[in-house]
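Trainee: Give me a model of this one.
(chains A and B)
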Amino acid sequence: MAEELPADLVRSLQETAREIRKEIIRMTFAAQSGHPGGSLSVTDILTALVFHELKIDPRRPDSPDRDRLVLSKGHASPAMYAALSLRGYFPREELATFRQLGSRLQGHVDRTKLPFIEASTGCLGQGIGMAVGMALDARLRKASYRTYAVLGDGECQAGPTWEALMAGGHYRLSNLLVILDRNGLETDGSTESIMGIEPIVEKFRAFRYHTIDLDGHSFPALLDAFAEARRTTDGPTAIVARTVKGKGVSFMEGKHQFHGKPPNSAEAEQALAELARGEEAHP
Amino acid sequence: MSAVLGKPESLRDAYGKALVTLGEKDPELVVFDADLSGSTRTILFGQKFPDRFFNVGVMEQTMMTMAAGIALQGRTVFASTFAVFAAGQAYNAVRQSICYNKANVKIVATHGGLLVGADGGTHQIVEDIGLMRGLPGMTVIVPSDAPTTRAATFAVSERYGPAYVRLTRENLPTVTDGSFQIGKAAELRSGSDLTIVAVGSLVVRALEVAEELSKVGVSARVLDFASVKPFDAPALLRAARDTGALLVLEEHTVLTGVGALVASTLSENYPVPVRRVGVPDLFGESGEPWALLDRYGMSKERIVEEAWELLKGRGKVE
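Mentor: Numbers count the residues shown, from 1 in each chain, chains lettered A, B, ... in the order given. Reported below is the predicted structural model:
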């Protein structure tokens, strides 16, 4: 299936993801705060959604038929903001205002400030419930839009995450796709050393999700799974996307220390240089 | 307007019936409950409109996040459970998913306060008004009888934004004519020596105490302060100017409730003596509901004593 994707589509998505990663470094460096690690891990997932999968139109951000995206891990706001600005929702220059007083680019995504943020999130364990509410709305209206929710793995330690997943399974919401950014790390260390969430694929299956386990940095795998989710009509789908925290920046990869710590000047410079070298640095 | 005490009626039934009326008027309105629909009376809506009724089981936090998600698609949403779960268990979901998101969700919480009775202190939330009125953008209503409950249910549905309506489990006599308006206090009895401000279950006691005081020549005004947020500041200031002293009655901790609101408002704008009658800094316990109010400092005798203290301070009695 994967090889059916045109090579230029994959290359274009990779190029976009690289631009988003550069912006994540610039934004967190400029703000000297924010969450680079989990933004870099979720970048390919968000790129695949915003630049390929979602039926959205920046010229009609309030269209009732638009697909809904809930970023439950609201601290990955730099990745979301970079993706939305590159997709044309607001000027790229505005990214420089991230976390500044008066900016629309709040520390955690805020739906009242920007177009196409469907739900303000940040405190974890709440995004899936909101996404379930959206999917129920579509079902009641017989509307065609689909709801996508991106979940963090630390968030899988929160009880309400499972309440909401249980509800999505109970209501057999085939118009709901949950994507777990399984980067394995949270603020203080690895999820499995702090409070293990494995076996996570089995957990999703037990909660009645058609579950797909894949490499969350592979566009062919992601796009293939999105299509499979659309074909799944008897209940919701979950994607366990195996990712690397800090992906694309050598000294951030696999380091929980960059969960909520911005790069300093030398680190930002090195990160941007690595990203500019692109695939050569990370084949 | 003078109060006429009607026969005790269920506030919860009044809410359930009002929901059915709203459901008939608004085909997009949806209702959530968390496995207490028989007690909260949302079951009346659920029986009539099963497709628009979601009984989500014991997941109060996620009931609130789901309610927010569906409300953000342009719907008016009601969500009900007991107050201890709505304001306590689900606090941060109410805070972020509903209030921070400016979602049009109306939380109607039943079983607020000590009148829960036999279930005991675990279930008798006495701090919910404080929690909810502290949330930016939240409307907070504490109805005193069935007609006010009905009117408040309609009123919050017509006003965009989050709301918290606190109902009591016990049936209460009708004390108002049901002309409730958000932001307005109802003067249930006129008076010039003292004002008794009360909410919910204690409005009845306020009227009883005012009647008792009138027998010894003291004229007490009674304000039903059902609209806690926004509240009727002009009515408070008028009461302070006209009567010079206020007694506040609430089935809620005195630390963060309506008494605290009245005292802080007046101290900034028109300082007069205020005394607060409510739950001290304690959890409740099992017991007969009205006996619990007596035990925790809200007996009629105690209220009369507090009124007397205020009147003495004003030099109106020896």
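Trainee: Next up, the contacts around A:Ile117.
Mentor: Residues near A:Ile117 by C-beta atoms under 8 Å, 6 or more residues apart in numbering or on different chains: A:Leu71, A:Met80, A:Leu84, A:Val109, A:Asp110, A:Arg111. Where C-beta positions appear, they are placed from N, C-alpha and C, glycine not excepted.
Trainee: Count the neighbours of the closest residue to the fifth one other than its chain neighbours for me.
Mentor: By the measure of C-beta to C-beta, 6 or more residues apart in numbering or on different chains, the closest residue to A:Asp110 outside its immediate chain neighbours is A:Ser120, 4.7 Å from it. Neighbourhood size, A:Ser120 [other C-beta atoms under 10 Å in any protein chain shown]: 28.
Trainee: Verify the stated contact: A:Ser120 with A:Leu114.
Mentor: No: using C-beta atoms under 8 Å, A:Ser120 makes no contact with A:Leu114, being 10.0 Å away.
Trainee: what about the helices in the chain?
Mentor: Using chain A here. A:7-31, A:36-48, A:77-86, A:127-141, A:159-170, A:191-194, A:200-206, A:219-231, A:265-277 (DSSP state H).
Trainee: hmm, I had chain B in mind actually
Mentor: Listed in chain order, the helices of chain B (DSSP H) span B:11-25, B:37-40, B:43-48, B:60-71, B:83, B:91-93, B:128-133, B:146-158, B:202-215, B:233-243, B:258-269, B:289-293, B:300-313.
Trainee: Nearest approach to A:Thr161 belongs to which of those helices?
Mentor: helix B:60-71 (8.9 Å; C-beta to C-beta).
Trainee: Determine how far that closest one lies from the middle of the whole chain.
Mentor: 22 Å (C-alpha atoms, centre = their mean, to the nearest Å).
Trainee: Next, the angle from that helix to helix A:159-170.
Mentor: Here the directions of helix B:60-71 and helix A:159-170 differ by 60 degrees (axes from the mean of the first three to the mean of the last three C-alpha atoms, to 10 degrees).
Trainee: Let's test this: mean pLDDT of helix B:60-71, rounded?
Mentor: For helix B:60-71, the mean per-residue pLDDT is 98.
Trainee: and the residue nearest to B:Glu187 when sequence neighbours are not counted, how far is that from B:Arg189?
Mentor: Spatially, and ignoring its direct neighbours in sequence, B:Glu187 is nearest to B:Leu223 (5.8 Å; C-beta to C-beta, 6+ apart). Counting by C-beta to C-beta, to the nearest Å, the gap from B:Leu223 to B:Arg189 is 9 Å.
Trainee: More neighbours: which of those two?
Mentor: B:Leu223 (26 against 21).
Trainee: list the contacts for that one?
Mentor: B:Ala185, B:Ala186, B:Glu187, B:Leu188, B:Thr195, B:Ile196, B:Val197, B:Ala198, B:Asp232, B:Ala235, B:Leu236, B:Ala239.
Trainee: how does it look with 7 Å?
Mentor: Going by C-beta atoms under 7 Å, 6 or more residues apart in numbering or on different chains, B:Leu223 touches B:Ala185, B:Ala186, B:Glu187, B:Thr195, B:Val197, B:Ala235, B:Ala239.
Trainee: and it, bridged to which residues?
Mentor: Counting by DSSP bridges, B:Leu223 forms beta bridges with B:Glu187, B:Val197.
Trainee: And it, how far from chain A?
Mentor: B:Leu223 sits at a distance of 35 Å from chain A (criterion: C-beta to the nearest C-beta, to the nearest Å).
Trainee: Show me which residues of the stretch 151-283 of chain A sit near chain B.
Mentor: A:Pro160, A:Glu163, A:Ala164, A:Ala167 (C-beta under 7 Å from any C-beta of the partner chain).
Trainee: neighbour-wise, which of those leads?
Mentor: Top of these by neighbour count (other C-beta under 10 Å): A:Ala164, with 33 neighbours.
Trainee: so that one touches A:Ile128, yeah?
Mentor: Yes: counting by C-beta atoms under 7 Å, A:Ala164 does reach A:Ile128; the two are 3.7 Å apart.
Trainee: Overlap in contacts, those two.
Mentor: Common contacts of A:Ala164 and A:Ile128 (C-beta under 7 Å, 6+ apart): none found.
Trainee: Quickly name whichever of the residues of the stretch 151-283 of chain A next to chain B is closest to B:Asp119.
Mentor: Nearest member of those to B:Asp119, counting by C-beta to C-beta, is A:Glu163, at 23.2 Å.
Trainee: Please identify which residue in the stretch 151-283 of chain A comes closest to chain B.
Mentor: A:Glu163 (3.9 Å; C-beta to the nearest C-beta).
Trainee: of the contacts of B:Leu223, closest to chain A?
Mentor: Closest to chain A, out of all of those and judged by C-beta to the nearest C-beta, is B:Ala185, at 31.3 Å.
Trainee: Surely the closest one touches B:Val228?
Mentor: No: applying C-beta under 7 Å as the test, B:Ala185 and B:Val228 come out as separate, 10.0 Å apart.
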